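**Student:** Next one to model:
(chains A and B)
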Protein chains: 2
Amino acid sequence: MTNQTIVTAAMLAIGDELLSGRTKDKNIGYLADLLTLSGIDLKEVRIVADEEDSIVEALNALRGRYDYVFTSGGIGPTHDDITADAISKAFGVPCEHDAKAMSLLADMYKRREMEFTEARQRMARMPRGAAHIDNPVSTAPGFIIGNVHVMAGVPQVFQAMIGNVLPTLKTGTKVLSLAIACPYGEGDIGTPLAAIQKAHPETSIGSYPRYVGQKFSTEIVVRGRSQDVIDAAGKEVEAMIEDIRKAKAIGENQSAEA
Amino acid sequence: MTNQTIVTAAMLAIGDELLSGRTKDKNIGYLADLLTLSGIDLKEVRIVADEEDSIVEALNALRGRYDYVFTSGGIGPTHDDITADAISKAFGVPCEHDAKAMSLLADMYKRREMEFTEARQRMARMPRGAAHIDNPVSTAPGFIIGNVHVMAGVPQVFQAMIGNVLPTLKTGTKVLSLAIACPYGEGDIGTPLAAIQKAHPETSIGSYPRYVGQKFSTEIVVRGRSQDVIDAAGKEVEAMIEDIRKAKAIGENQSAEA
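**Tutor:** Next up, the predicted model:
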């Protein structure tokens, strides 16, 4: 086995609207794709309501367990945006108007000839000592405290922010993957696939059923941290599919002859 | 305040593929909508990998805290489907082939002239004493143990299973909602909206920014457990929007005169 570095992460998506069904989350899948491509293993996701206790508890559980935590939502200007307060509380530091963020926002609203309202000033609040995450879409920054990266919930802003954060993160050995389309259902492949998994412990082999036109087929995904281990297991998966095809063809011939 | 019954729930979505980004979850939003319509409050969602310890820990945390837990994923016939084992472990009971499930599956495969393989028999495994959740799509049942409802990850099957489960659940006073389109950004509405929220503590008022064509607008959602409290707050939200419109019109006239 070659030297491997594992870097782990969790996501905490914050917002009543995700739990009521009003908003269908788009950030979890986006972050999952991006982290996988970058060599960071997303290990857990939680979705909680806009309630201080729930946010604090989930954040403290996750930040102690994983290298990075990424949050989405609750950093806007309205009364239900309580993420900055909750994160501050979790870290035991005051939540206050950040001077640099105040100045960025004041300049932006001045340029746009808009009033820098008390509500808008809320967007400059963050835990004392937090670093900024630039927001090229709508100026109001996200922030970083400890290993926690706090970003907006609006997908365009979330994506811009994570794009700015990603180059600053340590990354591990990437998990590569090979997807193999399999015309057979999981019941046909279950036993031989388990044997292949057992013979290739450095890979993680998943099978994902598809149900189209009243018929199950499967996508088999071989994941691992080197192309060699993936290719070795992938070859056996392809041989397995061929074996099943032959066995089914013999079965059909026998039926026809009977 | 009238008598209200609150029934709470959590969801545990299980699967490496949700965390790698390969699969974009469709069950969380579906369940959220359905529970809201039914009078059950979805309070928390977790997504964990196909790892026994992670499933056990998350399940035990959630089932102690909420009236119901709904899980998705990991009950198929392949080696990476370990949900039945993990749930059994969490409850401290053996995971075994259920006689009724074995018979259901054996009959189905016989009808379809397919072999009832060892892998397919895995789908009959569940914690001892669990009740079935019927699966009209592909026969293999989900199951119920304690307050935990274990369902498939394939959306068509998940939806069919939750459809069978829902009529058996106790439900609470429904959360109703009123959505009001607001042409102004959150910075314009933040302060007056916070005042409306404060005056209507029986409602929960959320504002959800939209970013279209380089411009923010907002959807304001008033939620509450009676139409009266929602309507009272909704009326004030509409008056607030009208006030902002007037204030902006005056501002523009003054600019034009200046």
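
**Student:** rest of the way, CA atoms for contacts and neighbours
**Tutor:** Noted.

**Student:** ok, residues contacting stretch A:160-180?
**Tutor:** With contacts defined as C-alpha atoms under 8 Å, 6 or more residues apart in numbering or on different chains, stretch A:160-180 is touched by A:4-7, A:36-40, A:133-137, A:142, A:151-152, A:219-227, A:230, A:234, A:238.

**Student:** From those, which land in helices?
**Tutor:** A:36-38, A:227, A:230, A:234, A:238 (DSSP state H).

**Student:** out of these, what pair is the most spread apart?
**Tutor:** Largest separation among the ones in helices among the contacts of stretch A:160-180 by C-alpha to C-alpha: A:38 and A:238, giving 27.9 Å.

**Student:** of those two, who's got more company?
**Tutor:** Set residue A:38 next to residue A:238 and count neighbours by other C-alpha atoms under 10 Å in any protein chain shown: residue A:38 wins out with 18 against 14.

**Student:** check contacts around that one.
**Tutor:** Counting by C-alpha under 8 Å, 6+ apart, residue A:38 makes contact with A:171-172, A:174.

**Student:** hmm, 10 Å instead?
**Tutor:** A:32, A:166-167, A:169-175 (C-alpha atoms under 10 Å, 6 or more residues apart in numbering or on different chains).

**Student:** Quickly check those for the two that are furthest apart.
**Tutor:** Counting by C-alpha to C-alpha, the most remote pair of those is A:167 and A:175, 17.9 Å apart.

**Student:** neighbour-wise, which of the two wins?
**Tutor:** residue A:175 (22 against 10).

**Student:** quick one: secondary structure of the residue nearest to residue A:52 when sequence neighbours are not counted?
**Tutor:** Distances taken as C-alpha to C-alpha, 6 or more residues apart in numbering or on different chains place residue A:86 nearest to residue A:52, at 5.3 Å, with adjacent residues excluded. With DSSP: H, G, I helix; E, B strand; the rest coil as the basis, residue A:86 sits in helix.

**Student:** same deal with residue A:144?
**Tutor:** Following three-state DSSP, the label given to residue A:144 is strand.

**Student:** Measure how buried the residue nearest to residue A:204 when sequence neighbours are not counted is and give me the count.
**Tutor:** Nearest-residue entry for residue A:204: residue A:223, 5.1 Å, with adjacent residues in sequence omitted and distances by C-alpha to C-alpha, 6+ apart. Neighbour count of residue A:223, defined by other C-alpha under 10 Å: 24.

**Student:** Please apply the same query to the one 3 residues further on.
**Tutor:** Residue A:226: 18 surrounding residues under other C-alpha under 10 Å.

**Student:** wait, doesn't it sit right on residue A:204?
**Tutor:** No: using C-alpha atoms under 10 Å, residue A:226 is not in contact with residue A:204; the gap is 11.7 Å.

**Student:** Let me see the domain layout of chain A.
**Tutor:** Following automatic domain parsing, chain A resolves into domains at A:8-168, A:176-257.

**Student:** Include mean pLDDT when you put the ones you listed into a markdown table, please.
**Tutor:** Output for these, formatted as a markdown table (pLDDT from 0 to 100):
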| stretch | mean pLDDT |
| --- | --- |
| domain A:8-168 | 97 |
| domain A:176-257 | 91 |
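
**Student:** of all those domains, which lies closest to residue B:21?
**Tutor:** The nearest among those, by C-alpha to C-alpha, is domain A:8-168 at 4.5 Å.

**Student:** is stretch A:106-122 anywhere near chain B?
**Tutor:** Yes: using C-alpha under 10 Å from any C-alpha of the partner chain, stretch A:106-122 reaches chain B at A:114-122.

**Student:** For those residues, give me a markdown table that also has secondary structure, distance to residue B:22 and neighbour count.
**Tutor:** Shown next, in a markdown table, are the residues of stretch A:106-122 next to chain B (DSSP: H, G, I helix; E, B strand; the rest coil; distance: C-alpha to C-alpha, whole Å; neighbours: other C-alpha atoms under 10 Å in any protein chain shown):
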| residue | secondary structure | distance to residue B:22 | neighbour count |
| --- | --- | --- | --- |
| A:114 | coil | 43 | 12 |
| A:115 | coil | 44 | 12 |
| A:116 | coil | 42 | 17 |
| A:117 | coil | 43 | 16 |
| A:118 | helix | 42 | 14 |
| A:119 | helix | 39 | 21 |
| A:120 | helix | 38 | 25 |
| A:121 | helix | 39 | 20 |
| A:122 | helix | 37 | 25 |
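
**Student:** Quickly name whichever of the residues you listed is closest to residue B:252.
**Tutor:** Nearest to residue B:252 among those is residue A:114, at 11.6 Å by C-alpha to C-alpha.

**Student:** what's the most distant pair in the residues of stretch A:106-122 next to chain B?
**Tutor:** That would be A:114 and A:122, which, of the residues of stretch A:106-122 next to chain B, are the farthest apart (C-alpha to C-alpha) at 15.5 Å.

**Student:** Next, count neighbours for the closest residue to residue A:238 other than its chain neighbours.
**Tutor:** Counting by C-alpha to C-alpha, 6+ apart, residue A:238 lies nearest to residue A:180, which is 7.8 Å off, once chain neighbours are set aside. A count of neighbours around residue A:180, defined by other C-alpha under 10 Å, yields 16.

**Student:** now residue A:65
**Tutor:** Neighbour count for residue A:65, taken as other C-alpha under 10 Å: 14.

**Student:** dump the residue contacts of it.
**Tutor:** Contacts of residue A:65 (C-alpha under 10 Å, 6+ apart): A:8-10, A:43, A:59.

**Student:** Just the ones of those in strands?
**Tutor:** Using DSSP state E, the subset of the contacts of residue A:65 located in strands is A:8-10, A:43.

**Student:** among those, who's most crowded?
**Tutor:** In the ones in strands among the contacts of residue A:65, the most neighbours by other C-alpha under 10 Å go to residue A:10, 28 neighbours.

**Student:** does it really touch residue A:63, like I thought?
**Tutor:** Yes: using C-alpha under 10 Å, residue A:10 is in contact with residue A:63, at 8.0 Å.

**Student:** Quick one: the strands in chain A, in order.
**Tutor:** Under DSSP E, chain A gives strands at A:8-14, A:41-48, A:68-72, A:95-97, A:125-127, A:131-133, A:142-145, A:148-151, A:176-182, A:204-212, A:215-224.

**Student:** can you tell which of those is closest to residue B:15?
**Tutor:** Closest to residue B:15 of these is strand A:204-212 (C-alpha to C-alpha; 9.3 Å).

**Student:** from the middle of its chain, how far away would the closest one be?
**Tutor:** 20 Å (C-alpha atoms, centre = their mean, to the nearest Å).

**Student:** Show me what counts as buried in that strand.
**Tutor:** A:204-211 (16 or more other C-alpha atoms under 10 Å in any protein chain shown).

**Student:** now do stretch A:32-51
**Tutor:** Buried, per 16+ other C-alpha under 10 Å, within stretch A:32-51: A:32-36, A:38-51.

**Student:** okay, and the common contacts of residue A:10 and residue A:63?
**Tutor:** Residues touching both residue A:10 and residue A:63 (C-alpha under 10 Å, 6+ apart): A:69-70, A:148.

**Student:** Dump these to CSV, plus distance to residue A:104 and neighbour count.
**Tutor:** CSV is the format used below for these (distance: C-alpha to C-alpha, whole Å; neighbours: other C-alpha atoms under 10 Å in any protein chain shown):
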residue, distance to residue A:104, neighbour count
A:69, 26, 25
A:70, 23, 22
A:148, 22, 23
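
**Student:** Isn't residue A:33 up against residue B:22?
**Tutor:** Yes: counting by C-alpha under 10 Å, residue A:33 does reach residue B:22; the two are 7.4 Å apart.

**Student:** do you know how far residue A:7 is from residue A:147?
**Tutor:** To residue A:147, residue A:7 is 12 Å away according to C-alpha to C-alpha, to the nearest Å.

**Student:** hang on, residue A:156 packs against residue B:209?
**Tutor:** No: applying C-alpha under 10 Å, one finds residue A:156 not in contact with residue B:209, separated by 11.2 Å.

**Student:** No further questions, thank you.
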